[in-house]
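>>> test case, fold it:
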Amino acid sequence: MITTTYHPTAVINELNSPFDVIAQVQYETGFRVSEAYDVINKLEQHLDDLKLHSVKGKGGQMYSAKIISLELKIMLLKLKAQNI
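Here you go, the predicted structure:
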């Protein structure tokens, strides 16, 4: 297994806090902090394979489904498993 500082597994293994995951959700999807937080809190409702869907934005509008990386999906599932 390759584990350089630029390899996705290195990033996943260095997950320090929920804030790291919120930042990554924001980076990949363009969601606001509150929307990224909602995704994390209601992961079962929003995650479908490599897509985040049914995310309500500011003003109540629904975002179209956003495709995320496998690395982000792993980060989300790992965070959920930690029950933070």
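>>> and stretch 72-80, what's buried?
For stretch 72-80, burial by neighbour count (16 or more other C-beta atoms under 10 Å) applies to 72-73, 75-76, 79. All C-beta atoms are positioned from the backbone trio N, CA, C, and that covers glycine.
>>> point out where the protein drops to low pLDDT.
Flagging of the chain using pLDDT under 70 yields the residue ranges 1-16, 84.
>>> can you list contacts of the helix or strand harbouring residue 24?
Residue 24 belongs to helix 18-29 when assigned by DSSP states H and E. Here helix 18-29 makes contact (C-beta atoms under 8 Å, 6 or more residues apart in numbering) with 15, 31-33, 36-37, 39-40, 52, 55, 63, 66, 68-69, 72, 75-76, 79, 84.
>>> if we use 7 Å, what do you get?
Applying C-beta atoms under 7 Å, 6 or more residues apart in numbering, the external contacts of helix 18-29 come out as 15, 31, 33, 36-37, 39-40, 52, 66, 68-69, 72, 75-76, 79, 84.
>>> so which pair among those residues is furthest apart in space?
Pairwise distances across the contacts of helix 18-29 (C-beta to C-beta) peak at 22.4 Å, for the pair 66 and 84.
>>> great, nothing more from me.
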